[in-house]
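Participant: sequence first, then the predicted structure, then my questions.
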Amino acid sequence: MAYEYVSEKEVRLYRSECSGMLTELRDYLNEKFSINTQFFLVGSGSHARKLVMRNGNAPFDLDYNLMIIRMPDRYWHNPQCLKNRVRDSLNLILRRSRSHVVRGGQFSDGKDSTSVITALIYTPGILSQVAFSFDLAILAREEGGTHYMLLHDKGSDNYHWGEAPSVRHIREKADAIKSQRHWDEVRDRYKDKKNRYLERQDENHPSYVVYVETINEIYRKFFNLLLFETVLWGGFHGTKTDLKMDRSKQPLKIVAEVVQWEGHSPEIWNTMLENFKKLSEQGRKTMN
């Protein structure tokens with residue numbers, strides 16, 4: 001088996017159903033419990049359209065974050081109570097949704113897992129076969145901007161807030177890649193990564209992690225190159241050998257490999273490029 005892309009038409013149907021139910025959930029939590037939230041689609045199914053995949057005939061899923069904006073203090077101090085409240089409220093809405101059928105199937109109650117609540121649609125007539133699912137993670141953000149995810153350690157039955165993986169500027173980077181017409185390369189890289197992880201039976205790279213990896217890699221490839229070409233061979237009017245470079249007089253030893261690196265944001269790149277452009281217009285041909 002191998003991953004292939006799901007048609008946008010099929011994704012759009014389920015995305016619409018999920019959006020409607022999560023809108024109900026948001027309003028219900030606010031009205032009944034004074035829990036003010038926002039929800040948004042994340043990863044390959046979000047603003048990055050046409051990246052949803054399925055393995056052969058297996059079901060596909062969509063990932064959502066439920067961001068806590070404000071809520072009573074008792075929920076901050078009791079994350080188990082918060083998750084149960086969200087799950088019970090979601091189940092109420094999922095049960096209401098069973099009054100109509102989505103592509104012949106109906107949503108199950110949400111299942112509590114370590115980091116998300118999962119709702120499933122089973123294939124009509126085959127209750128053991130899942131046709132589609134969506135995951136809902138509960139997040140909060142501190143004043144410094146760090147995101148925390150509500151986690152449930154099943155081994156110890158402990159509920160707590162854990163720091164969520166950093167995904168700074170992912171949307172801005174994706175938009176920048178699209179603006180330079182490199183999205184087809186994102187699709188190719190993303191598909192290749194998904195299938196390589198599948199072959200390795202690597203379960204530590206869910207879709208969203210693979211998506212973030214892909215966006216960062218493609219962004220670094222094209223935007224680092226863009227800066228290099230613009231500054232050195234475009235904005236810089238000397239020869240390559242005119243550049244001032246720092247060189248070591250002694251041999252260097254490689255001691256480690258940087259396997260994760262967070263590059264500059266699109267805003268910083270734009271500022272740097274504008275500054276280099278001004279230097280070029282002023283006739284300054286050196287870089288320090």
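Facilitator: Structure received. Fair warning: this is a prediction, and the values are worked out from it, not measured in the lab. Numbers count the residues shown, from 1 in each chain.
Participant: contacts and neighbour counts: CA atoms only from here.
Facilitator: Noted.
Participant: mind listing the helices for the stretch 151-288 of the chain?
Facilitator: 170-179, 183-199, 207-228, 266-281 (DSSP state H, counting those that start in this stretch).
Participant: could I get the ones you listed as TSV with mean neighbour count, mean pLDDT and distance to Leu94?
Facilitator: Formatted as TSV, those follow (neighbours: other CA atoms under 10 Å; pLDDT from 0 to 100; distance: least, CA to CA, whole Å):
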stretch	mean neighbour count	mean pLDDT	distance to Leu94
helix 170-179	17	85	30
helix 183-199	17	92	30
helix 207-228	18	77	24
helix 266-281	14	70	40
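Participant: what's the closest of those helices to Tyr148?
Facilitator: Closest approach to Tyr148 among those is made by helix 207-228 (16.2 Å; CA to CA).
Participant: distance to Ile138 added to the helices of the stretch 151-288 of the chain, as TSV?
Facilitator: Shown next, in TSV, are those (distance: least, CA to CA, whole Å):
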stretch	distance to Ile138
helix 170-179	19
helix 183-199	25
helix 207-228	15
helix 266-281	28
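Participant: excluding its backbone neighbours, what's nearest the residue nearest the centre of the chain?
Facilitator: Nearest residue to the geometric centre of the chain (CA atoms, centre = their mean): Gly43, 3.4 Å. Distance criterion CA to CA, 6 or more residues apart in numbering; nearest residue to Gly43, sequence neighbours excluded, is Tyr208 at 4.7 Å.
Participant: what do you get for Cys81?
Facilitator: Tyr75 (6.4 Å).
Participant: ok, Lys191 next?
Facilitator: The nearest residue in space to Lys191 (CA to CA, 6+ apart) is Tyr3, at 6.9 Å.
Participant: any idea how far Ile268 is from the one you found?
Facilitator: According to CA to CA, to the nearest Å, Tyr3 and Ile268 sit 36 Å apart.
Participant: now do the contacts for the residue lying closest to Val209 once chain neighbours are set aside.
Facilitator: Nearest residue to Val209 in three dimensions, chain neighbours excluded: Gly43, at 8.0 Å (CA to CA, 6+ apart). By CA atoms under 8 Å, 6 or more residues apart in numbering, the contact list for Gly43 reads Asp63, Ser207, Tyr208, Val209, Tyr211, Val212.
Participant: phi, psi for Gly43 please.
Facilitator: Note on Gly43: backbone dihedrals following degrees, to the nearest 10 are phi 70, psi -150.
Participant: where's it relative to Glu213, distance?
Facilitator: 11 Å.
Participant: quick one: strands adjacent to the helix or strand containing Arg54?
Facilitator: For Arg54, the host element (DSSP states H and E) is strand 53-55. Strands that pair with strand 53-55, judged by DSSP bridges, come out as strand 3-5 (antiparallel).
Participant: what's the average pLDDT for the partner strand?
Facilitator: The average pLDDT for strand 3-5 rounds to 90.
Participant: centre of the chain versus that strand, how much separation?
Facilitator: In this view, strand 3-5 has its centroid 18 Å away from the chain centroid, taken as CA atoms, centre = their mean, to the nearest Å.
Participant: after that strand, next one along is what?
Facilitator: helix 8-33.
Participant: sorry, back to before: wait, which of the helices of the stretch 151-288 of the chain is closest to Ile254?
Facilitator: Between Ile254 and the helices of the stretch 151-288 of the chain, the shortest separation by CA to CA is 22.0 Å, and it involves helix 207-228.
Participant: got the angle for that closest one vs helix 170-179?
Facilitator: Between helix 207-228 and helix 170-179, the angle comes out at 60 degrees (axes from the mean of the first three to the mean of the last three CA atoms, to 10 degrees).
Participant: which helices and strands does helix 207-228 pack with?
Facilitator: helix 170-179, helix 183-199 (3 or more CA pairs under 8 Å, 6 or more residues apart in numbering; DSSP states H and E).
Participant: what angle sits between that helix and helix 183-199?
Facilitator: With the same axes, to 10 degrees as the basis, helix 207-228 and helix 183-199 are set at 140 degrees to each other.
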